[in-house]
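In: From the sequence below, what's the structure:
(chains A, B, C and D)
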There are 2 protein chains.
Amino acid sequence: MHLAGQPAEVALELTAVVVAVTDDVPQALMVAAVDDRRHGLPSGPFEAGHRTLETGLRAGVEAQTGQALGYVEQLYTFGDHNRSVPQVGTRQVSRAVSVAYLALTGPVDQEEKAAAAWRDWYRYLPWEDWRDGTPSGHAAALARLTAWAEGTSSAADRAVRHERVRLTFGEAPAAWDDERVLERYELLYEAGLAAECWHDQGQTLPGEALPPSLAMVADHRRILATAIGRLRAKIKYRPVLFELMPPAFTLLQLQRTAEAISGVRLHKQNFRRLVESQGLVEETGAVTSDTGGRPAKLMRFRPAVVLERPAPGVRVRATRRASPI
Amino acid sequence: MHLAGQPAEVALELTAVVVAVTDDVPQALMVAAVDDRRHGLPSGPFEAGHRTLETGLRAGVEAQTGQALGYVEQLYTFGDHNRSVPQVGTRQVSRAVSVAYLALTGPVDQEEKAAAAWRDWYRYLPWEDWRDGTPSGHAAALARLTAWAEGTSSAADRAVRHERVRLTFGEAPAAWDDERVLERYELLYEAGLAAECWHDQGQTLPGEALPPSLAMVADHRRILATAIGRLRAKIKYRPVLFELMPPAFTLLQLQRTAEAISGVRLHKQNFRRLVESQGLVEETGAVTSDTGGRPAKLMRFRPAVVLERPAPGVRVRATRRASPI
DNA sequence: CGAGCTTATGCTCAGAGCTAGTATAAATGC
DNA sequence: GCATTTATACTAGCTCTGAGCATAAGCTCG
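Out: Residues are numbered from 1 along each chain as shown, chains lettered A, B, ... in the order given. A predicted model of the protein is given here:
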């Protein structure tokens, strides 16, 4: 790669999707954006002196939001040309590249910090929440997507587009795949239904974004979609769900957290059987009657499971029939 | 993240693990390194003018090796402090960050190019190939790892180390997990059994690396391990295995390719049943008798499968008993 | 106090999918 | 023509999973 072209002058950003689940609401940590309507993820330049990218991220997020991070994993590196190109100090750079991370923390008290706030991530991606049935606006969005699929001249292209809509949005006979968050976002973006799609082209969205959702700064909604998809996949084969739990919890709380992340309802008895038979949890001995009804046993995560099972995770799968709650 | 510290001056590299399988040998594309003994992956600076990181990678690899890339996916971004810090032109940078990619190509003719060569990836990670039984040097390496586990004062640490060795290297009762390539490499690195571990500290390896393996430049062996692990995982739920196949192939050739990637033997009849019942392939109508024995049907990939199945892949799992070939 | 609510928890049936093995078919080479 | 090699069909038995039924044990309200 020593041929034509100069090495690009790169501004390396670190961006974090910090996730917590509180009261069955999956939340991402946001910072105050320039204007009130568009939110942004904690983000900043990678600073000299940090031994690794990850330590740089931890320090940066804590400085910016006051939130210390526990579990952290790298998500993806974004470097497309349509990213905004900042001036870093006196240095003019030619490209902004952002390394995005996923971070998980336990439930947070609702005393919001000054510079940062936890927000329901489904406000940015409302079509991802199927816990209470079909999300509102879904039918309208599907109609717009179908119109988009029709809006190309070649019959072959039309067929491909229709198949893509059907597959990513899980119309029969395909099933809803909770992990295809990024594919769905990108389809909406391509179809011109995402506000930032027009913004990236220097235009404003004609009409309203469908499904109606909060806007985010730059490509942060894409990063959020990447994070949700990764997390939904990962809870199925690694015990990361417990990073989001308090030290002791009931099985229903655990199920509600899994449902909050994956956006679908789960079968209660099977969920318990799975979690217990895999050895993911153990009893603390205590019970709680905070839940109303029969008191529930309080459980804790059993760390030894990672030494026993090849893929210890909460293998959630949505119930096929109507929501059994 | 607007607090202390200057934004780091970053040299952004792109690095590719280009994979092909030829004659049942999984191969990675290497470039001539400074000295003959240590090989390197195609790598170079991200140059201004490329619209995306991926187009920059494609152009760079093709310029450096003559190999055009088909399937490409981003792997991971490496930015640790112990990476070598190059001088880019006249600009002194404080950090080298490398975005690594996995690329797949069909089988290659063995006419090697001048600047690049295909090499069996198991020469760098020999403990990953279990197709012909326990790899040579494995017992010795396990002994050294056990010695390393013993070599710490705290009893708790010793237990943790032993468990880790047992888990990542699949000693009974844990099973060998073909996807844990990176974990195994990092364990060997930590235990001081990898040459580059000492090199990174400015020392030379005392004694010989165990298991004996070819050395690679910088952190390229870690990148290769990351690529192998990702590919082994991905063939199970996405039809990427077919990126490595010629347009028409027999089911045994497909199985041999899957075995080359995953490093384990598969049960022949079950492999065929799986591949066929999933609708991953269709008959071309032709047969070949190149294989000796009864002529085999030539198959081709059936792209429509991605529209039908949520996770269409070759769900390989190693046979539990002795190698059935 | 007991009816009726809520939630927790135990259990079972039926079907799908997977492991591993047996059996058979159809070429080639000597 | 026979041994060898590879391809391909079929099946017994097991495990896992989806779905539902049934029961337990607290609460609140009358």
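In: Are we agreed that A:L75 is in a helix?
Out: No: if the criterion is DSSP: H, G, I helix; E, B strand; the rest coil, then A:L75 is strand and not within a helix.
In: Can you pull out the residues in contact with the helix or strand containing A:E54?
Out: Element membership of A:E54 [criterion: DSSP states H and E] is helix A:53-65. If you take C-beta atoms under 8 Å, 6 or more residues apart in numbering or on different chains as the criterion, helix A:53-65 is touched by A:14, A:16, A:18, A:29, A:31, A:42, A:44, A:46-47, A:50, A:67-69, A:72, A:74, A:99, A:101, A:103, A:113, A:115-116, B:1-3, B:77, B:79-80, B:97. In short, each C-beta sits where N, CA and C put it, glycine included.
In: what about A:Q201, how many residues close to it?
Out: 10 (other C-beta atoms under 10 Å in any protein chain shown).
In: same question, A:V275
Out: Look at A:V275: counted by other C-beta under 10 Å, it has 21 neighbours.
In: And for A:V18?
Out: By other C-beta under 10 Å, the residues close to A:V18 number 25.
In: circling back to that earlier point, if you average pLDDT over the helix holding A:E54, what comes out?
Out: Helix A:53-65 carries an average pLDDT of 94.
In: Now do the buried residues in that helix.
Out: Of the residues in helix A:53-65, A:L53, A:E54, A:G56, A:L57, A:R58, A:A59, A:G60, A:V61, A:A63, A:Q64, A:T65 count as buried by neighbour count, 16 or more other C-beta atoms under 10 Å in any protein chain shown.
In: Stretch A:303-313 too?
Out: For stretch A:303-313, using 16+ other C-beta under 10 Å, the buried residues are A:V305, A:V306, A:R309, A:P312, A:G313.
In: Look at the fourth one and give its secondary structure.
Out: Looking back up the chat, that one is A:P312. At A:P312 the chain is in coil, as set by three-state DSSP.
In: can I assume A:A20 sits in a strand?
Out: Yes: the assignment for A:A20 is a strand, going by three-state DSSP.
In: Show the contacting residues for it.
Out: A:A20 makes contact with A:P26, A:Q27, A:L29, A:L104, A:T105, A:G106, A:P107, A:V108, A:W118, A:L244, according to C-beta under 8 Å, 6+ apart.
In: rerun at 7 Å
Out: A:Q27, A:T105, A:G106, A:P107, A:V108, A:W118, A:L244 (C-beta atoms under 7 Å, 6 or more residues apart in numbering or on different chains).
In: What of A:E73?
Out: Applying C-beta under 7 Å, 6+ apart to A:E73 gives the contacts A:Y101, A:L102.
In: Show me where chain A has its strands.
Out: Along chain A, the segments classed as strands by DSSP state E run A:10-22, A:25-31, A:38-39, A:43-45, A:71-78, A:87-88, A:91-92, A:95-104, A:116-120, A:215-216, A:281-288, A:296-301.
In: hmm, back to that, between the buried residues of helix A:53-65, which is nearest B:W130?
Out: Using C-beta to C-beta, A:E54 is the member of the buried residues of helix A:53-65 that lies nearest B:W130, at 32.3 Å.
In: what about that closest one, distance to DNA strand D?
Out: When distance is defined by C-beta to the nearest atom of the strand, to the nearest Å, A:E54 is 33 Å away from DNA strand D.
In: what do you get for A:G229?
Out: 20 Å.
In: how close does that residue get to chain B?
Out: Using C-beta to the nearest C-beta, to the nearest Å, A:G229 is found at 13 Å from chain B.
In: measure the closest residue to DNA strand C within the stretch 1-150 of chain A to B:V19 for me?
Out: Going by C-beta to the nearest atom of the strand, DNA strand C is nearest to A:D24 of the stretch 1-150 of chain A, at 11.9 Å. According to C-beta to C-beta, to the nearest Å, A:D24 stands 43 Å off from B:V19.
In: between the two, who's got more neighbours?
Out: Higher neighbour count among A:D24 and B:V19: B:V19, with 25 against 12, using other C-beta under 10 Å.
In: Find the nearest non-adjacent residue to the more buried one, please.
Out: Excluding its sequence neighbours, the residue lying closest to B:V19 (C-beta to C-beta, 6 or more residues apart in numbering or on different chains) is B:L104, at 5.4 Å.
In: now A:A311
Out: That would be A:Y237: by C-beta to C-beta, 6+ apart, it lies 4.0 Å from A:A311.
In: On the pLDDT front, check that neighbour for me.
Out: The model's pLDDT for A:Y237 equals 90.
In: Flag every residue of the stretch 101-250 of chain A that's near DNA strand D.
Out: Not one residue of the stretch 101-250 of chain A sits near DNA strand D, judged by C-beta under 7 Å from any atom of the strand.
In: Point me to the residue of the stretch 101-250 of chain A nearest DNA strand C.
Out: A:T250 (4.7 Å).
In: Next to DNA strand C, which bits of chain A? Give me the list.
Out: Near DNA strand C, when you scan chain A using C-beta under 7 Å from any atom of the strand, you find A:250-252, A:268-269, A:272-273, A:287, A:291-297.
In: Could you list the low-confidence segments of the stretch 151-300 of chain A?
Out: Within the stretch 151-300 of chain A, the ranges that satisfy pLDDT under 70 run A:172-173, A:205.
In: and the residue in it that DNA strand C sits nearest to, how many neighbours does it have?
Out: Minimum separation of the stretch 151-300 of chain A from DNA strand C (C-beta to the nearest atom of the strand) falls at A:G293, amounting to 2.1 Å. Neighbourhood size, A:G293 [other C-beta under 10 Å]: 7.
In: how close does it get to A:L252?
Out: Taking C-beta to C-beta, one finds A:G293 at 10 Å from A:L252.
In: Is it possible to get TSV of the buried residues of helix A:53-65 that adds distance to A:A195?
Out: Formatted as TSV, the buried residues of helix A:53-65 follow (distance: C-beta to C-beta, whole Å):
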residue	distance to A:A195
A:L53	30
A:E54	32
A:G56	31
A:L57	28
A:R58	31
A:A59	32
A:G60	27
A:V61	26
A:A63	30
A:Q64	25
A:T65	25
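In: Just give me the closest of the residues you listed to DNA strand D.
Out: Comparing those against DNA strand D with C-beta to the nearest atom of the strand places A:E54 closest, at 32.5 Å.
In: Strand A:71-78 and the helix holding A:E54, what's the angle between them?
Out: Angle, helix A:53-65 to strand A:71-78, by axes from the mean of the first three to the mean of the last three C-alpha atoms, to 10 degrees: 100 degrees.
In: With only the CA atoms kept, save helix A:53-65 in CSV.
Out: Taking C-alpha atoms only, helix A:53-65 is exported to CSV below (Å, rounded to 0.1, in the frame of the first residue of the first chain):
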residue,chain,number,x,y,z
LEU,A,53,-8.0,2.6,23.3
GLU,A,54,-10.1,1.1,26.0
THR,A,55,-8.5,3.0,28.8
GLY,A,56,-8.8,6.2,26.8
LEU,A,57,-12.5,5.5,26.4
ARG,A,58,-13.0,4.8,30.1
ALA,A,59,-11.3,8.0,31.1
GLY,A,60,-13.1,10.0,28.5
VAL,A,61,-16.6,8.8,29.3
GLU,A,62,-16.0,9.3,33.0
ALA,A,63,-14.8,12.8,32.5
GLN,A,64,-17.7,13.7,30.2
THR,A,65,-20.5,12.0,32.1
